[in-house]
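1. Predicted model and sequence below, questions to follow.
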Number of protein chains: 2
Amino acid sequence: MARQERALRTRQAVLEAAAEVFADRGYEAATITEILDRAGVTKGALYFHFPSKEDLARDVLEHAVTEPPPEQLIKLQSFVDTGLILAHRLPREPLLRGAARIAADQSAQRFFGLPWPVWVEHTAAVLAAAKEQGEVLPHVDPVLTAQTMVGAFTGTQLFSEAADGMADLERRTALLYELILPGIAAPGVLGRLDTSPERGARLVEESGREAEETAGIAEIDEIDGAAETV
Amino acid sequence: MARQERALRTRQAVLEAAAEVFADRGYEAATITEILDRAGVTKGALYFHFPSKEDLARDVLEHAVTEPPPEQLIKLQSFVDTGLILAHRLPREPLLRGAARIAADQSAQRFFGLPWPVWVEHTAAVLAAAKEQGEVLPHVDPVLTAQTMVGAFTGTQLFSEAADGMADLERRTALLYELILPGIAAPGVLGRLDTSPERGARLVEESGREAEETAGIAEIDEIDGAAETV
């Protein structure tokens, strides 16, 4: 393994361990000692990549930005997919869980709500595109609606965490969309939206398969290339 | 001032000071020293009423239960009023602010979400009554909808706190109801619901005036009674 690759792996291991500790304990109570224990790296290695706990938190928040959901003919479906995918991934991915915890943690005032503006901006853009296509009721304001949705989703996640450790987050998120969509979607569009709780898992699986196929083609290309140059 | 009355005032002063400190710092970071400073009472007085910080937190949570909104012909209006009144009172009342903070604070695991079941139960009962009166769409489940609303409101409040220190909570809450009601209310009822952001303030003021009038009548009764017994 090349030195650079090893360094990247160490960095990633520390980041994921930190996210887990942030998710379990919150920012204030998280200690470097516990992060070291969980990552299985030396103190020197950790501080080489992250000079402070604050740097770790910022990096967790930065890496928790998820890629946009696959393009859909109906733009409003992307609005739904963003939440359903997040609801599927959140309980399963420490980085996301850690970021969500830090973002909603008022004790970590300097991070409180930090990733929300990015998320609002993305959601508002999707809603604006949906509005341009006539999918949205005329009185709907994309920015205000995006803010409401980001807030409502955050609360749904907190409620789900308290009620059942997020085991039911996908179903709760689907229900939130079912309640909120009749106030957003044009009548003709409403019936064509898929809000089933299983949709998030399916989309994540599909995008994983696509990524593998692309990687597969790249490998074949490399082998072909290698064969040619031999 | 009678000794008992003085004790009650001290107790209330400590409770409100504790709520303020919990609201500003969160449960973990709150210290008895700061609560004492703010309440202006002796350590002995505080510990007489509350043996520990945990007792203070439990009492703040218990006292934050708000009375139900005034009865309305349309039951679904009470569903709206609960949130609009809370949105008006939360930024203005330390006890409520402190309780909301503790309830959404995962670092205070043993309190996390604690008042939510009571709130869900109350909301579910209102929705069930609304359903019985035919005000609600047939597929609406009162308990699941109540859980979604409590979660969504909690998130709206956190978002509002991060965005503008809850200055805009009433408007944001009104918007949440406007988005969510078309997914709940029967079409004939929807147009008759008042979701204006100022409604919470008006209802609080009215119930305050009523309480004063009742107190006024009680005082007159007392004077009359006194006059009679002289």
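-> Okay, I see it. Numbering: from 1, shown residues only, chains lettered A, B, ... in the order given.

2. Show me which residues of chain A are close to chain B?
-> A:25-26, A:28-29, A:101, A:104-107, A:112-113, A:116, A:144-145, A:147-148, A:150-163, A:172, A:175-176, A:178-184 (CB under 8 Å from any CB of the partner chain). To be clear about C-beta, it is placed using only N, CA and C from the backbone, and glycine gets the same treatment.

3. try 6 Å this time
-> Applying CB under 6 Å from any CB of the partner chain, we find that chain A lies next to chain B at A:26, A:104, A:106-107, A:112-113, A:144, A:148, A:151-152, A:154-156, A:158-159, A:162, A:175-176, A:179-180, A:182-183.

4. Restrict these to the buried ones and give me that as a ChimeraX selection.
-> Buried residues among the residues of chain A next to chain B (16 or more other CB atoms under 10 Å in any protein chain shown), as a ChimeraX selection:
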select /A:26,104,106,107,112,113,144,148,151,152,154,155,156,158,159,162,175,176,179,180,182,183
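
5. so where's chain A uncertain?
-> Residue ranges of chain A with pLDDT under 70: A:1, A:216-230.

6. That one: helices as residue ranges?
-> Along chain A, counting by DSSP state H, helices occupy A:3-25, A:32-39, A:43-49, A:53-63, A:75-89, A:94-103, A:116-132, A:142-164, A:169-180, A:187-190, A:199-229.

7. Turn those helices into a markdown table, including distance to B:L96.
-> Formatted as a markdown table, the helices of chain A follow (distance: least, CB to CB, whole Å):
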| stretch | distance to B:L96 |
| --- | --- |
| helix A:3-25 | 27 |
| helix A:32-39 | 34 |
| helix A:43-49 | 41 |
| helix A:53-63 | 29 |
| helix A:75-89 | 29 |
| helix A:94-103 | 23 |
| helix A:116-132 | 23 |
| helix A:142-164 | 16 |
| helix A:169-180 | 24 |
| helix A:187-190 | 36 |
| helix A:199-229 | 35 |
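
8. Quick one, which of those helices gets closest to B:A7.
-> helix A:142-164 (34.9 Å; CB to CB).

9. Pull the contacting residues for A:L158.
-> Residues in contact with A:L158, defined by CB atoms under 6 Å, 6 or more residues apart in numbering or on different chains, are B:A104, B:T154.

10. run the last query once more with 7 Å
-> A:A104, B:A104, B:G151, B:T154, B:G155 (CB atoms under 7 Å, 6 or more residues apart in numbering or on different chains).

11. Max pairwise distance over the residues you listed: which two?
-> By the measure CB to CB, A:A104 and B:G151 form the most distant pair in the contacts of A:L158, at 12.0 Å.

12. per-domain residue ranges of chain A.
-> A:3-63, A:75-213 (automatic domain parsing).

13. what's the most buried one of the ones you listed?
-> Ranked by average neighbour count under the criterion mean count of other CB atoms under 10 Å in any protein chain shown, the domains of chain A are headed by domain A:75-213 at a mean of 20.

14. so A:I35 makes contact with A:V21?
-> Yes. Using CB atoms under 7 Å, A:I35 is in contact with A:V21, at 5.1 Å.

15. And for stretch A:124-143, what's in contact with it?
-> Applying CB under 7 Å, 6+ apart, the contact partners of stretch A:124-143 are A:I74, A:K75, A:L76, A:S78, A:F79, A:T145, A:A146, A:I184, A:A185, A:A186, A:V189.

16. about what we covered before: what is the nearest of the contacts of A:L158 to A:E67?
-> Once CB to CB is applied, the member of those that ends up nearest A:E67 is A:A104, at 22.0 Å.

17. Tell me the spacing between the closest residue to chain B within chain A and A:G188.
-> Closest residue of chain A to chain B, CB to the nearest CB: A:G155 (2.3 Å). Distance of A:G155 to A:G188, computed by CB to CB, to the nearest Å: 30 Å.

18. Over to A:Q77?
-> Taking CB to CB as the measure, A:Q77 and A:G188 are separated by 14 Å.

19. Identify the residue nearest the geometric centre of chain A.
-> A:T66 (4.1 Å; CA atoms, centre = their mean).

20. Run through the residues that contact it.
-> Counting by CB under 7 Å, 6+ apart, A:T66 touches A:I85, A:L86, A:R89.

21. can you pull the contacts of the residue nearest to A:W116 when sequence neighbours are not counted?
-> Spatial nearest neighbour of A:W116, excluding adjacent residues (CB to CB, 6 or more residues apart in numbering or on different chains): A:V150 at 5.5 Å. A:V150 sits next to A:W116, A:W119, A:V120, A:T123, B:F159 when contact means CB under 7 Å, 6+ apart.

22. A:L56 too?
-> A:A18, A:F50.

23. How about A:P115?
-> A:L61, A:A64, A:V65, A:A99, A:A103.

24. switch the cut-off to 10 Å
-> The neighbours of A:P115, taking CB atoms under 10 Å, 6 or more residues apart in numbering or on different chains as the test, are A:V60, A:L61, A:E62, A:A64, A:V65, A:A99, A:A100, A:I102, A:A103, A:V150.

25. do A:E206 as well
-> Listed by CB under 10 Å, 6+ apart, the contact partners of A:E206 are A:P70.

26. distance of it from A:E213?
-> 11 Å.

27. any common contacting residues for the two?
-> With CB under 10 Å, 6+ apart applied, the contact sets of A:E206 and A:E213 do not overlap.

28. picking up where we left off before, which one of the contacts of A:L158 sits closest to A:E16?
-> A:A104 (19.9 Å).

29. contacting residues around that closest one?
-> A:26, A:111-113, A:116, A:154-155, A:157-158, A:161, B:104-106, B:154-155, B:158-159, B:162.
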